[in-house]
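**Student:** Fold the following.
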Amino acid sequence: MNNPSNPFRASALAMLVGGMLVCGYASAALITFDTVVTGSTSFGFDGDGDGTNDVIFTTTDPSGFNTFGPGTNMTFIHEPGLEGTSLLNPDLRVDFLRRATGSLTFGFALDSFVSDPAYFASIRVFDASATEIANAAQQGEFTITVPPSGLSSYPEGQISLAFAGEAAYATFDFTSTFGRYIIDDLEGTFGSTERPPLPEPATLALLGLGLAGLGFSRRKKA
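**Tutor:** Numbers count the residues shown, from 1 in each chain. Okay, here's the model as predicted:
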């Protein structure tokens, strides 16, 4: 019964090995934002060390990101983090060029002196077809910090969001009294070099324009 030449068994083994080659061995990674450059409008993360970013965060704010925020008396923020304006729509975008799977977790703080239902962080996750596959929102709260101790300097929180399928990108929005937010310690599974990369947003836009132009040209000739 344990026949190594069994064609069914050989086929199953080939499918297993093929799946492993296609999917690769992805593991969870933690993005700490410790190397963010103040004033930059993008930040890249190369999780597998191949010289190509797997994750890219972008803002449309011409002033770019800051690296400083609420200070050391916080639970979910360990500066430097990714700090920016909460007056955009969306405030922040992250592209997973080799996709993300499973879940995303991140800490956030809001530039407010009060905790209020009107001040919160939210995230929406999309697949490669721009279909929303998950979302979550959470109000910022004052936490008890140890050390030093006592309440955190600003309202904060941590969002953990599980999703099925593969995420191509996500958007973040924040509301706060003074129009600023900071996020830190984003954790997720972001693919590996075995996964073919997704085109960057600018490439997708150019491709769409090219296809549209091709269709227009064909209709004109007809």
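**Student:** Do a quick rundown of the helices in this protein.
**Tutor:** 7-23, 201-221 (DSSP state H).
**Student:** Mean pLDDT lowest where, among those helices?
**Tutor:** Mean pLDDT is lowest for helix 7-23 among these, at a mean of 38.
**Student:** any weak-confidence spans in this protein?
**Tutor:** Across the chain, the ranges flagged by pLDDT under 70 are 1-26, 192-222.
**Student:** burial measure for L92, as a count.
**Tutor:** Neighbours of L92 under the rule other Cβ atoms under 10 Å: 23. In this view, the C-beta of every residue, glycine as well, is placed from N, C-alpha and C.
**Student:** List the contacts of the spatially most central residue of the chain.
**Tutor:** Centroid-nearest residue in the chain, with Cα atoms, centre = their mean: V94, separated by 4.3 Å. Neighbouring residues of V94 by Cβ atoms under 8 Å, 6 or more residues apart in numbering: 55-58, 169-172, 186.
**Student:** Those into CSV, with extra columns for neighbour count and distance to A28?
**Tutor:** What follows is the contacts of V94, written out as CSV (neighbours: other Cβ atoms under 10 Å; distance: Cβ to Cβ, whole Å):
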residue, neighbour count, distance to A28
V55, 22, 13
I56, 17, 18
F57, 25, 18
T58, 18, 23
Y169, 22, 19
A170, 27, 16
T171, 17, 22
F172, 25, 20
L186, 25, 11
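**Student:** possible to save the residues you listed as TSV with distance to T32?
**Tutor:** Shown next, in TSV, are the contacts of V94 (distance: Cβ to Cβ, whole Å):
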residue	distance to T32
V55	12
I56	16
F57	13
T58	18
Y169	21
A170	18
T171	21
F172	17
L186	8
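**Student:** ok, now how distant is the residue nearest to the centre of the chain from G102?
**Tutor:** As for V94, its distance to G102 is 15 Å (criterion: Cβ to Cβ, to the nearest Å).
**Student:** for S27, same thing?
**Tutor:** Counting by Cβ to Cβ, the gap from S27 to G102 is 11 Å.
**Student:** what touches both of these two?
**Tutor:** Jointly contacting S27 and G102 under the rule Cβ under 8 Å, 6+ apart are T189.
**Student:** Name the residue in these two with the higher neighbour count.
**Tutor:** A count of neighbours by other Cβ under 10 Å puts G102 above the other of S27 and G102, at 15 against 10.
**Student:** quick one, what contacts the more buried one?
**Tutor:** Taking Cβ under 8 Å, 6+ apart, one finds 28, 162-163, 188-189 in contact with G102.
**Student:** now, which of those lie within strands?
**Tutor:** 28, 162-163, 188-189 (DSSP state E).
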